[in-house]
Structure formats: C-alpha cells, structure tokens
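Peer 1: 3D, please:
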Amino acid sequence: MVKPVEMPADSQSLKKALHEKIEHLNGDKLSLLNRVVLQLEADELAHELDRAFDEDRRQGRITSERVQQILSKVRAKHGCQP
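Peer 2: Numbering: from 1, shown residues only. Predicted coordinates:
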C-alpha cells in the first residue's frame, strides 16, 4: 500500500511545496497540470454563474417568459427553428 505524501497545511508552505514539485515536472505533466487548473477555474466559474442566476431568479430578473422572449429573438435573428 502506498502511503500518502504529507503536504504542509498553511497556504504559504503549500505554495512553496507545489512550486518545487512543478519545477521538476516534464512537459507532458505540466500540460496535464495546466488542464487540471483550467478545469478547476471552469468549475469555479460555473458555480459562480449558477449562484448569480439563482439570485436573479429569486429577485424576479429572470422568468420563464423572459427566457422564451430572448430565445425567440435569437432564433429569429439567426434563422433557427424552435
């Protein structure tokens, strides 16, 4: 059984440890790490958008009727069928 590597708990020490690990990665691993970071950023953005849309719905800024109006306009502008 493989033992998990202990990582520092405080953010400054963790940043330093991660920077050291990154320095030793090859190109393929760096590319993979970059994709992981991009996915984390995309996930966070999706959560922020969900929260913002939920708040807009609660405040009545987004309604089913308004969404249908917008969709109809976009479909008409781009010649799309519903």
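Peer 1: mind telling me what element Arg61 is part of?
Peer 2: Arg61 is located outside every helix and strand, with elements delineated by DSSP states H and E.
Peer 1: look up how far His47 lies from it.
Peer 2: 19 Å (Cβ to Cβ, to the nearest Å). In this view, the C-beta of every residue, glycine as well, is placed from N, C-alpha and C.
Peer 1: flag every buried residue along the longest helix that the chain contains.
Peer 2: Looking across the chain with DSSP state H, the single longest helix is helix 27-58. Within helix 27-58, no residue counts as buried by 16 or more other Cβ atoms under 10 Å.
Peer 1: so for the next helix or strand after that helix, what gets flagged as buried?
Peer 2: Of the helices and strands lying after helix 27-58 in sequence (DSSP H and E), the nearest is helix 64-78. Buried residues in helix 64-78, counted by 16+ other Cβ under 10 Å: none are found.
Peer 1: let me know the angle separating helix 64-78 from helix 27-58.
Peer 2: 120 degrees (axes from the mean of the first three to the mean of the last three Cα atoms, to 10 degrees).
Peer 1: could I have the CA atoms of helix 64-78 written out in PDB?
Peer 2: Provided in PDB are the C-alpha atoms of helix 64-78 (Å, rounded to 0.1, in the frame of the first residue of the first chain):
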ATOM      1  CA  SER A  64     -39.600  31.700 -17.900                       C
ATOM      2  CA  GLU A  65     -41.400  34.200 -20.000                       C
ATOM      3  CA  ARG A  66     -38.400  36.400 -20.400                       C
ATOM      4  CA  VAL A  67     -36.200  33.500 -21.300                       C
ATOM      5  CA  GLN A  68     -38.700  32.500 -24.000                       C
ATOM      6  CA  GLN A  69     -38.700  36.000 -25.400                       C
ATOM      7  CA  ILE A  70     -34.900  36.100 -25.600                       C
ATOM      8  CA  LEU A  71     -34.800  32.700 -27.200                       C
ATOM      9  CA  SER A  72     -37.400  33.700 -29.800                       C
ATOM     10  CA  LYS A  73     -35.300  36.800 -30.700                       C
ATOM     11  CA  VAL A  74     -32.100  34.900 -31.000                       C
ATOM     12  CA  ARG A  75     -33.700  32.200 -33.100                       C
ATOM     13  CA  ALA A  76     -35.300  34.800 -35.400                       C
ATOM     14  CA  LYS A  77     -32.100  36.700 -35.800                       C
ATOM     15  CA  HIS A  78     -30.100  33.500 -36.700                       C
END
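Peer 1: with that, I have no additional questions.
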